[in-house]
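Student: show me how the following folds:
(one chain, ligands or ions: 1)
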Amino acid sequence: MITNTEKIKIIKRAQRELNAKYKKVAKASDLQEPMHVLIASALGANPFAPEAKRAIRAMEKAYVDWNEARVTRAPEIAEHLTPHGIPGSRANHLKKILSGLFDHFNAVNLDFIEKLDPNPIRNRMQRIEDLKPEEIDNILLLSFGVNVLPLNAHVQRIFQRIGIIKKDTSPTAGHSLFKSALGKAAVAGFYERVNLLGEKICTTSQPACNTCPLKLECIYGLVKRGLLTESEAEFPLPADIRKRTPKRAAAKKTRKKAKPKKAATRKK
Ligand code: SF4
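Tutor: You can find the predicted model right below:
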């Protein structure tokens, strides 16, 4: 059973590895316009994606304001997304969020939240049923500098594979864990780097564990590379894990499998 102290140490090591791998990211002080963060979040898991920024520019050129986008048919919105690599299906989610803004606040902008403190922002935004918790957290972190790590698809997948959060970890428990591990000024940079890792290396279907900077921290990666057996796949990791080579671990596995065969032959 892994303790919270050990989890915090793993997150700190992951932070160091990611800082070394992805040196250039936005500064914590570079706060973004809330409406842009909201739209980018609606267009995909990664709110830093350049594709989302290009699609937002295309829509801003095409529509007088976001209210015009709200009343536009989804297939027409999709025409501004697909040339930038955003799936056309995201137009439906975007439209639902724009409609939610209109229905609850009688405006298709976020001007009103600029005057609010963070807690009321979360409470008010939660009224929009189609808005996911991590999309609200994106706004809090990236537009208001609130120390909260959005638990988006990339964060969830990577830290579940590493083995320190579970599918059923509550957002409150996840937030508190990352808050304890990351310095206040470092959350946005960490989040951007985790998103880069999730898009370029730790992808959903084909994680490239051999090239991953977190490969010595990650249970999924260690098993996949043959450095850890299924029975060892939990924290704390075996003390010799950093010395193992894929060849030795594979040989160990083969030896283990060969034993029952010998016993069967002797019985006959
Ligand atoms: S080692 Fe593999 S599974 Fe683990 S974080 Fe890296 S790419 Fe993802």
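Student: stretch 65-74: how far from the chain's middle?
Tutor: Centroid separation for stretch 65-74 versus its chain: 28 Å, with Cα atoms, centre = their mean, to the nearest Å.
Student: just stretch 62-81 next, same as before
Tutor: Relative to its chain's centre, stretch 62-81 lies at 27 Å (Cα atoms, centre = their mean).
Student: let's see the distance spanning it from one end to the other.
Tutor: Distance between the two ends of stretch 62-81: 12 Å, counting by Cα to Cα, to the nearest Å.
Student: in it, which residues are buried?
Tutor: Residues Tyr63, Trp66, Ala69, Arg70, Thr72, Ala74, Ile77, Ala78, His80, Leu81 are the ones in stretch 62-81 that count as buried (16 or more other Cβ atoms under 10 Å). Just so you know, the C-beta spots here come from the backbone N, C-alpha and C atoms, and that holds for glycine as well.
Student: what's the distance between the first one and the ligand?
Tutor: Counting by Cβ to the nearest ligand atom, to the nearest Å, the gap between Tyr63 and the ligand amounts to 38 Å.
Student: and that residue, what does it touch?
Tutor: Going by Cβ atoms under 8 Å, 6 or more residues apart in numbering, Tyr63 touches Ala69, Thr72.
Student: repeat that for the second one.
Tutor: If a contact means Cβ under 8 Å, 6+ apart, then Trp66 has Met35, Ile39, Leu98, Leu101, Val108, Asn109 as its contacts.
Student: how about the fourth one?
Tutor: Contacts of Arg70 were listed using Cβ under 8 Å, 6+ apart, and they are Lys95, Leu98, Ser99, Leu101, Phe102, Val108.
Student: tell me which of the residues you listed is nearest to Gly44?
Tutor: Lys95 (15.3 Å; Cβ to Cβ).
Student: need phi/psi at that closest one.
Tutor: With angles defined as degrees, to the nearest 10, Lys95 sits at phi -60, psi -40.
Student: which residue would be the closest one in the stretch 101-250 of the chain to the ligand?
Tutor: In the stretch 101-250 of the chain, the residue that lies nearest the ligand is Gly221 (2.4 Å; Cβ to the nearest ligand atom).
Student: sec struct for that residue, please.
Tutor: When classified by DSSP: H, G, I helix; E, B strand; the rest coil, Gly221 comes out as helix.
Student: and the nearest residue to it once chain neighbours are set aside, how many neighbours does it have?
Tutor: Among residues not flanking Gly221 along the chain, Cys209 sits closest, at 3.8 Å (Cβ to Cβ, 6 or more residues apart in numbering). Residues within reach of Cys209, counting by other Cβ atoms under 10 Å, total 19.
Student: what's the distance between Cys209 and Glu217?
Tutor: Using Cβ to Cβ, to the nearest Å, we find Cys209 at a distance of 11 Å from Glu217.
Student: next, show the common contact partners of the two.
Tutor: With Cβ under 8 Å, 6+ apart, Cys209 and Glu217 have no common neighbours.
Student: and the protein, what are its domains?
Tutor: Here the domain parsing of the chain from automatic domain parsing is 4-27+150-200, 34-144.
Student: pLDDT on the first one, on average?
Tutor: It refers to domain 4-27+150-200. What domain 4-27+150-200 shows for mean pLDDT is 93.
Student: so it, near the ligand or not?
Tutor: Yes - on the criterion Cβ under 6 Å from any ligand atom, domain 4-27+150-200 is in touch with the ligand at Ile158, Arg161, Ile162.
Student: give me the subset of these that lies in helices.
Tutor: Ile158, Arg161, Ile162 (DSSP state H).
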